[in-house]
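In: Provided below are the primary sequence and the corresponding predicted coordinates.
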Amino acid sequence: MNSVAQSAHYPVTCPACNTINAKRAAELLQNKSLNCRKCEHTIAMNENQLNSLRRTLADMANYLREGQTPATHTD
Ligand SMILES: [Zn+2]
């Protein structure tokens, strides 16, 4: 999988205090949980969230691959 996409930060909202936490996508997929930076609540990623994260990563990898094609600027 694309390493740039895996190192992208993915936002996860804390269900306890609604703080948005950003965590590296690769770490989220590996740990399946994170600690809220504000209230230290352990946020467990459910299967739906993990699936959505995997989809986002796949989309991002596709986008980045397409982005590697040199763009032609005419202006
Ligand atoms: Zn929190």
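Out: Thanks, I have the structure now.
In: Next, the buried residues of stretch 24-40.
Out: Ala25, Ala26, Leu28, Leu29, Leu34, Cys36 (16 or more other C-beta atoms under 10 Å). Heads up, the C-betas are built off the backbone N, CA and C, glycines and all.
In: Narrow these to those in helices?
Out: Ala25, Ala26, Leu28, Leu29 (DSSP state H).
In: Output those as a markdown table; include the columns pLDDT.
Out: As requested, these are exported to a markdown table (pLDDT from 0 to 100):
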| residue | pLDDT |
| --- | --- |
| Ala25 | 90 |
| Ala26 | 89 |
| Leu28 | 93 |
| Leu29 | 92 |
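In: farthest-separated two in those residues?
Out: Spatially, the most separated pair among those is Ala26 and Leu28, at 7.3 Å (C-beta to C-beta).
In: about what we covered before: and of the ones in helices among the buried residues of stretch 24-40, the nearest to Thr56?
Out: For those, the nearest to Thr56 is Ala25 (7.5 Å; C-beta to C-beta).
In: what's near enough to touch that closest one?
Out: Ala5, Gln6, Ser7, Ala8, His9, Tyr10, Leu53, Thr56, Leu57 (C-beta atoms under 8 Å, 6 or more residues apart in numbering).
In: Assign the first one to helix, strand or coil.
Out: Which is Ala5. Following DSSP: H, G, I helix; E, B strand; the rest coil, the label given to Ala5 is helix.
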